[in-house]
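Colleague: Kindly generate the corresponding structure for this input.
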Amino acid sequence: MGYRIAVTGSIATDHLMSFPGRFAEQFVADHLDKVSLSFLVDDLVVRRGGIAANIAFGMGQLGLRPALVGAVGPDFDLDYRGWLERHQVDTESVHVSELAHTARFVCTTDQDLNQIASFYAGAMSEARDIELLPVAQRLGGLDLVIISPNDPTAMVRHTQECRDRGYTFVADPSQQMARMSGEEIVSLIDGATYLITNEYEEELLESKTGLSSAAVLDRVGLRITTLGKDGVRVTGRDIDPVHVRAARVSHPFDPTGVGDGFRAGFFSARSWGLPIERACQVGCLLAALVLETAGGQEYEVRPDTLLKRLAESYGDECAADVRVYLTT
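Modeller: Okay, here's the model as predicted:
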């Protein structure tokens, strides 16, 4: 039986626009309390997205079949469900709302890759009604549950159920930390095998919870911090810190979903049994593929190309370690 992963979180449609200037040049420092701006953008693309869906898509590209767990509107069945299923994502545990549309992410990116975005939750609020036990029963157990940004109540419920039922889980609160209290954030990370954030979110977590870095590590197994162009750092109570540089990028295009790509690669590699450093390298390479495309699900993993690029970024030994897990 394969590795059984449930990926919980947002499922959304992304509306992505490009602004040919710099946001920083449009703001007047003394009048930030009266901002009223309109950006004339060059283009608009509509893509399938949502953090959980992006992560699951990446895992499917690497040969896994993760179970996507989240809430959507009836519009999901028009083509999104079929798209994910064609890319090896199990969508049977996706809840379909009778009242609300699928969540929507609207984002404008400037020429420096800075972003201004809005997110409409829609059907995502119904994710709080989803129980993980039926998912585990259907799959014959759960080896890992990724709890990515979602309806906050759903995130708390899924986390507590993982603790109650003994499911290994990933705490990935990221964007939702801004609207959660320190107490709520602590409830999301306690007992996690992995805690993953970016560098800013790492500081925000410690500021809102009042926990030191050491105190956070007392509550989780491994702490993964993505560092953008500087790669990724992993710390833990019982390991020496690991730092992996970012993979080479041939033509950066759009940062939307880059972190989701890293998560897909990292946790896929961990499911194969690869060590932390190798898993980070696979994650960074998948993040590079996302960065080179528009949207979080527009890249294609070609095993031969993936292995070649792993070798270019991290050496032949890395590519050899990964080759056995890919169907070429």
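Colleague: which secondary structure elements does the one helix or strand Arg138 maps to contact?
Modeller: Arg138 belongs to helix 133-139 when assigned by DSSP states H and E. Here helix 133-139 touches strand 5-8, strand 67-69, helix 152-165, going by 3 or more CB pairs under 8 Å, 6 or more residues apart in numbering; DSSP states H and E. The C-beta positions use only the backbone N, C-alpha and C, and glycine is treated the same way.
Colleague: Give me the sheet partners of the first one and which way each runs.
Modeller: So the one you mean is strand 5-8. Take DSSP bridges as the rule and strand 5-8 pairs in its sheet with strand 67-69 (parallel), strand 144-147 (parallel).
Colleague: could you dump those to CSV with distance to Phe27?
Modeller: Converted to CSV, the strands paired with strand 5-8 look like this (distance: least, CB to CB, whole Å):
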stretch, distance to Phe27
strand 67-69, 38
strand 144-147, 35
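Colleague: among those strands, which is the most enclosed?
Modeller: Between the strands paired with strand 5-8, strand 67-69 has the highest mean count of neighbours, a mean of 27, where neighbours are mean count of other CB atoms under 10 Å.
Colleague: Pull the contacting residues for Leu62.
Modeller: Contact partners of Leu62, counting by CB atoms under 8 Å, 6 or more residues apart in numbering, are 264-265, 268, 282, 286, 301, 325-326.
Colleague: What ranges does the protein have for its helices?
Modeller: 51-61, 80-86, 133-139, 152-165, 182-189, 199-209, 213-217, 258-272, 276-291, 303-314, 316-323 (DSSP state H).
Colleague: name the helices or strands packed onto the first one?
Modeller: With contacts taken as 3+ CB pairs under 8 Å, 6+ apart, helix 51-61 sits against strand 5-8, strand 67-69, helix 80-86, helix 258-272, helix 276-291.
Colleague: What lies in contact with that helix?
Modeller: Counting by CB under 8 Å, 6+ apart, residues outside helix 51-61 touching it are 5, 7-12, 65-70, 80, 84, 87-89, 146, 148-150, 172, 174, 257, 260-261, 263-265, 267-268, 286, 290, 296-297, 299-301.
Colleague: in stretch 29-43, what's buried?
Modeller: Residues of stretch 29-43 include none that count as buried (16 or more other CB atoms under 10 Å).
Colleague: Can you give the distance of that stretch from its chain's centre?
Modeller: Computed by CA atoms, centre = their mean, to the nearest Å, the chain-centroid distance of stretch 29-43 equals 29 Å.
Colleague: what about that stretch, average pLDDT?
Modeller: Across stretch 29-43, the average pLDDT comes to 80.
Colleague: Over to stretch 214-223?
Modeller: The model assigns stretch 214-223 a mean pLDDT of 97.
Colleague: Can you give me the buried ones in that stretch?
Modeller: Buried residues in stretch 214-223, counted by 16+ other CB under 10 Å: 216-217, 219-223.
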